[in-house]
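The following block contains a protein sequence and its predicted model.
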Amino acid sequence: QVQLVESGGGLVQPGGSLRLSCAASGFTLSWFAMSWYRQVPGKERELVASIGHASNTAGYADSVKDRFTISRDNAKNTVYLQMNSLKPEDTAVYYCNALGGLDTLRDYWGQGTQVTVSS
């Protein structure tokens, strides 16, 4: 059974840090590009960061560049999002996404984890 399970969200003060984790099971993580998205009520889901299969390429939304870092550990089937210098506008539900596969393009999503940045 394919699963992506996010963890690490919570309430943090502005300027603080959080590290999100995405634990994958039921598929081979190394065949997939991995991304983090976020969504606030009433708005479209926004791509935050992506990382290639072998961690050699990563990209970020302008709004999080130089503050967030995406990484992956294929041996542990886990993807991370280190978030520093958090701002109230980073408040959202954060989702993990896996896109790839060997013969068929597959697109998997986690259930999301809430991040709230507030004093």
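Alright, I've got the coordinates.

Specify the beta-bridge partners of residue 114.
Applying DSSP bridges to residue 114 yields these beta-bridge partners: residue 93.

now do residue 37
With DSSP bridges applied, the residues forming beta bridges to residue 37 are residue 47, residue 95.

measure the most centrally placed residue in the chain to residue 102 for me?
Closest to where the C-alpha atoms of the chain average out (CA atoms, centre = their mean) is residue 36, at 2.7 Å. Residue 36 sits 23 Å away from residue 102, taking CB to CB, to the nearest Å as the criterion. Any C-beta I mention is one placed from the backbone N, CA and C, and that applies to glycine too.

backbone phi and psi for residue 15, please?
Main-chain torsions, residue 15, degrees, to the nearest 10: phi 90, psi -10.

From here on, call the first residue 542.
Happy to do that; since the first residue is 542 now, the last one works out to residue 556.

Centre of the chain to the helix or strand residue 649 falls within, how far?
Using DSSP states H and E, the element containing residue 649 is strand 647-650. For strand 647-650, the gap between its own C-alpha mean and the chain's C-alpha mean amounts to 13 Å (CA atoms, centre = their mean, to the nearest Å).

can you check stretch 566-586 too?
Stretch 566-586 has its C-alpha centroid displaced from the chain centroid by 6 Å (CA atoms, centre = their mean).

Just the buried residues of that stretch, please?
The neighbour-count criterion (16 or more other CB atoms under 10 Å) identifies 568, 570, 573, 575, 576, 577, 578, 579 as the buried residues of stretch 566-586.

distance between the ends of it?
When the termini of stretch 566-586 are compared using CA to CA, to the nearest Å, they are 23 Å apart.

quick one: contacts of it?
Residues from elsewhere that reach stretch 566-586, judged by CB atoms under 8 Å, 6 or more residues apart in numbering: 542-544, 546, 561, 563, 587-595, 611, 613, 615, 618-620, 622, 631-643, 647, 649, 653, 656.
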